[in-house]
Every structure is written in C-alpha cells, then in structure tokens.
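K.L.:
The sequence isn't on hand, but the structure is:
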C-alpha cells in the first residue's frame, strides 16, 4: 500500500542518489539487496518513534532482515537526498490536482517552523513549507539548520508567471519581493513597517501611520498606490491595503502584541495593531481591496498544517544530534504525512494485489 503511493520511478530515484543495493552481490556478504528494506525500516522507525535497536530487533523477529542498529543508522545517514527527491516527486504530482485558482492565480502560501529535540535548549532545524492554497498540498518542502532564514529568495527558482506568493511579515522585505516579482509572479505579504519601506510616485517616503489614521470606521478597507525600492533594481509598484479592526478584535491584537513583545512593544505598535495591513503587487483589476484582505485571511490554513505535522505526525520529536540523520528523519516524517494524506483520499493508489482482492 505504501509503495503504491510512490511515483513509478522511485527505485530509479534511489539509484540516482547512491542507494544502489545491487552493487554488492549477496555472495559477497551484502545483507540488503533491495532498497525497499532499509526504506521500510526507516519509515517504521520514524513513523512510530521507535528506537533503532527496537526497529532492527522487530525486523529480525519478523524474518525480514537481520541487521544491526548501527547499520540502519548508516542507512539513515545516506538516505536524506533520496527522501528529498522522493518527497519532491510526490508533491509535484499533486500540482495536476489543483481544484481551482483565485482570479486565475495559483496561490502559494509560504511559512516555516523550527523543530527541536526534547529537552534541547534551542532550535535544531527549520522546515520551510510552500503549500498550494486550493488543496493545501506541499509544492516544496525544504529542511535547513536553525540558521536557515525565512525568505522568498529560498524559493526564487519556483516562482513563475500566474502565481501569487503569500507570506507573513517575515517575508515582507524588498529583496524577497524582488526575488518573486522578477520571475513574473506576484506577492501578497503582511506589511512589516520595520523591513519594508514604501514610497509614493515621486519617490518620497510614505508615512503609513498617517495614512491609517484616515480609517476611522471598522471594516471599511482602503488602499494606496505605493512603490518598493529594491537596491540595484527598478522600483516595484504595488498596493497597500488596510482595514481597521472592530474594537474587540483590536483589543485581542494588542493582548497578543503585549504577550509577544512585552516591554519592547511601542506606542506605535499598539496603534497599528488595530489594523490589518498588507502589501501586494496584484493589479486592482484582478483582485479588489476586499478580495486581497479576504485572501490574506485564509493564510491561517498553513498554520493548521504546521500544527498538525507537529502534534499528530510528531515532527518536533527529533531523535539525535547529527545533521545528516536529522534531515533524513524530518524528510521521512513529511513523506509519511504525504502517504497518510493519499491513503485517506478517494484517489488513493492501490497495489495490484489489492485491486484483484477488491474485484
């Protein structure tokens, strides 16, 4: 059932990434003659959060293979590139199943989450997501160490005309916006007053705080034409869209701000917390101000996906300290999430034996 969810060329992918199990004949002492065996053990080890020793002991008891925990660990160390290629192939397949697009756009949501070992004093790795809004399928997943920054530039090669890339404040800066728009795609980001200077048509710095004061009544959005000035590039035209929150929502936003920033929160921060402010390069004739703000509100879906991967899939339970095996472990978790999603949907792929049994 699991193998049936893989792309047809998954064994070829394993050979391309150095997992050629047939390279050493069995008569010369090679225990592993099929890549499906270490892959199965790795997925069991990761999916059940079972130790390497327990995993290999259970495999021996089941008559599958008798290898040591050290041997399985060595397989885990060299399996990362193959799992990354396999995961990329599976997420690319989902592209053809997108149900619809918004105003002709393929909308992609970008976010990242840090993961740590239990008891660790700091972050161990960061998982970067690109999810398609229409079906919440991953278009790309990248795993870096904890120094890997959140930026649109990480996915610049993925951007293409017809796409709308959406991110939170972290992605709201001139270099990241340029990385996406230079490829013909558009962006929609939460306005970051500290990292995204905006200018008017004359090149004069825009006083966003002053503009917002004209929004006296809640739920009445407004927008202004603005320009972003990336260093060494032509200005990028966009729209600053904003709406004042109802009093109770504004109070909730200020409570969150006080909780997150504490004594560092400024008077200006509390004032701007009463608004939802976004920047976009989408032309007005394609999406209105109301549609832009409504679309950004849907970004919370990616937060649910990350929480699910952490709480249900156990993504934040890293088992060791080695960078190579941590990458393999995280990618295996994401691969299992993809398999679980597929086998619970009507389009699940069945192995031939299951199809015969069903007939």
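P.N.:
Thanks, I have the structure now. These numbers come from a predicted model, not from an experiment.

K.L.:
what residue lies at the spatial centre of this structure?
P.N.:
With distances taken as CA atoms, centre = their mean, residue 129 lies nearest the centre of the chain, 0.7 Å away.

K.L.:
thought that one was touching residue 143?
P.N.:
No - between residue 129 and residue 143 there is no contact under CB atoms under 8 Å: 10.5 Å. Where you see a C-beta, it was placed from the backbone N, CA and C, and this is true even at glycine.

K.L.:
quick revisit: in a helix, that's where the residue nearest to the centre of the chain is, yeah?
P.N.:
No - counting by DSSP: H, G, I helix; E, B strand; the rest coil, residue 129 falls outside a helix, being strand.

K.L.:
tell me what the host helix or strand of residue 59 is packed against?
P.N.:
Assigned by DSSP states H and E, residue 59 belongs to helix 52-61. The contact analysis (3 or more CB pairs under 8 Å, 6 or more residues apart in numbering; DSSP states H and E) places helix 52-61 against helix 36-47, helix 69-78.

K.L.:
out of those, nearest to residue 210?
P.N.:
helix 36-47 (52.9 Å; CB to CB).

K.L.:
which residues touch the closest one?
P.N.:
The contact list for helix 36-47, computed with CB atoms under 8 Å, 6 or more residues apart in numbering, reads 2-3, 14, 19, 21, 32, 50-52, 55-56, 58-59, 64-65, 72, 75-76, 79, 328-329, 332-333, 335-336.

K.L.:
now do 6 Å
P.N.:
32, 55, 59, 65, 72, 75, 76, 329, 332, 333, 336 (CB atoms under 6 Å, 6 or more residues apart in numbering).

K.L.:
gap between that helix and the chain center?
P.N.:
Distance of helix 36-47 from its chain centroid, counting by CA atoms, centre = their mean, to the nearest Å, is 23 Å.

K.L.:
Ok, stretch 214-231 next?
P.N.:
With CA atoms, centre = their mean, you get 28 Å for stretch 214-231.

K.L.:
residue ranges of the strands in the stretch 51-200 of the chain, please?
P.N.:
106-115, 125-132, 138-145, 163-167, 186-190 (DSSP state E, counting those that start in this stretch).

K.L.:
Indicate which one of those is closest to residue 173.
P.N.:
That would be, of the strands of the stretch 51-200 of the chain and by CB to CB, strand 186-190, which comes in at 8.7 Å.

K.L.:
Against which helices or strands is the closest one packed?
P.N.:
strand 163-167, strand 275-280 (3 or more CB pairs under 6 Å, 6 or more residues apart in numbering; DSSP states H and E).

K.L.:
Which helix or strand lies directly C-terminal to the last one?
P.N.:
By that I understand strand 275-280. Next in line after strand 275-280, if elements are assigned by DSSP H and E, sits helix 289-297.

K.L.:
Pull out the buried residues from that next one.
P.N.:
Using 16 or more other CB atoms under 10 Å as the burial criterion, the residues of helix 289-297 that qualify are 289, 291, 292, 293, 295, 296.

K.L.:
And for stretch 191-203?
P.N.:
In stretch 191-203, counting by 16+ other CB under 10 Å, buried: 191, 192, 196, 197, 198.

K.L.:
okay, those in CSV with pLDDT next?
P.N.:
Below are these laid out as CSV (pLDDT from 0 to 100):
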residue, pLDDT
191, 97
192, 95
196, 97
197, 97
198, 97
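
K.L.:
Under the pLDDT cut-off, which ranges of the stretch 201-350 of the chain? List them.
P.N.:
301-323, 326, 345-350 (pLDDT under 70).

K.L.:
Helices of that one, residue ranges please.
P.N.:
208-212, 247-261, 267-272, 289-297, 300-311, 323-343 (DSSP state H, counting those that start in this stretch).

K.L.:
can I see the domain layout of the chain?
P.N.:
The chain breaks down by automatic domain parsing into domains covering 2-85+319-358, 181-298.

K.L.:
Can you measure across the last one, start residue to end residue?
P.N.:
Using CA to CA, to the nearest Å, the gap from the first to the last residue of domain 181-298 comes to 22 Å.

K.L.:
Please apply the same query to stretch 165-175.
P.N.:
14 Å.

K.L.:
and if you look at stretch 58-70?
P.N.:
End-to-end distance of stretch 58-70 (CA to CA): 15 Å.

K.L.:
So which residues make contact with that stretch?
P.N.:
31, 37, 41, 52, 53, 56.

K.L.:
give me every residue that touches the first one.
P.N.:
If I follow you right, that is residue 31. Applying CB under 6 Å, 6+ apart, we find residue 31 in contact with residue 67.

K.L.:
nearest to residue 272, of the strands of the stretch 51-200 of the chain?
P.N.:
Per CB to CB, nearest to residue 272 of those: strand 186-190, 11.3 Å.

K.L.:
quick one on the thing from earlier: the helices and strands packed on helix 52-61: which one's closest to residue 247?
P.N.:
Closest among the helices and strands packed on helix 52-61, using CB to CB: helix 36-47, at 47.2 Å.

K.L.:
Run the angle between the closest one and helix 69-78 for me.
P.N.:
On the basis of axes from the mean of the first three to the mean of the last three CA atoms, to 10 degrees, helix 36-47 is oriented at 90 degrees to helix 69-78.

K.L.:
Fine by me, thanks again.
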